[in-house]
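Visitor: Below: sequence and its predicted model.
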Amino acid sequence: MQSQFLCILAILFLLPFSALSLLSIKTFERSRTSRTISMPRHASFLRMKSSGGVPVEDLDAFNRLVLNPVTNVDSIKLVFYTAPWCGPCRMSTPAVESVVKKYALTNAVECFEVITDDAPEIPEEAGITSIPTIQLYKEGKVVDMCVGSVAESVLQNVVESVLKREKG
């Protein structure tokens, strides 16, 4: 009697796991044979509100625009590393957008936005380990950085201090 009970208990315990594995195998087989609609590589820009920065889509563009700029060499380059699924990134977007708007006319600060899912080689090259991260570059070198969700006033103070430090 006790062995029958243990056998039934084992079957009831293992049945859901075997059913799940069968389900996942069927799902995998179906996904291999079904037609999928592929989105462009950088389609996450469509799903996320932009900070107003110039999208940087690959390492070559990052090197050309941020590390070795040809135009606006004297301006500070603000690089916002973000992802569409990142809640703190979405919270930081209005702060970045506001700071970008403030300096848009003076060309003192240029903003670039890196979607880490679309271009993982850029944050890897820049040493980014978590998002959101905001890096400020001057002449191709990082001069300041904010990691995590940032308030507008904090970001404004960081940018102001970098501008003052670089001018004087």
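Guide: It's in. The structure presented is a predicted model; accordingly, all values stated were derived computationally and were not measured.
Visitor: Contacts for stretch 58-67 next, please.
Guide: For stretch 58-67, the external contacting residues (Cβ atoms under 8 Å, 6 or more residues apart in numbering) are 54, 56, 70, 77, 79, 112, 114, 119, 121-122, 125-126, 137, 140. In this view, the C-beta of every residue, glycine as well, is placed from N, C-alpha and C.
Visitor: quick one: the helices in the chain?
Guide: Ranges of helices within the chain are 2-33, 44-47, 59-62, 87-103, 121-126, 152-167, based on DSSP state H.
Visitor: Could you tell me the least trusted of these?
Guide: Note on those: helix 44-47 shows the lowest mean pLDDT, a mean of 41.
Visitor: quick one: contacts for Val158?
Guide: In this structure, Val158 makes contact with Ile134, Leu136, Asp144, Cys146, judged by Cβ under 8 Å, 6+ apart.
Visitor: these two touch, right, the third one and Val162?
Guide: Which is Asp144. Yes: under the criterion of Cβ atoms under 8 Å, Asp144 is in contact with Val162, at a separation of 5.1 Å.
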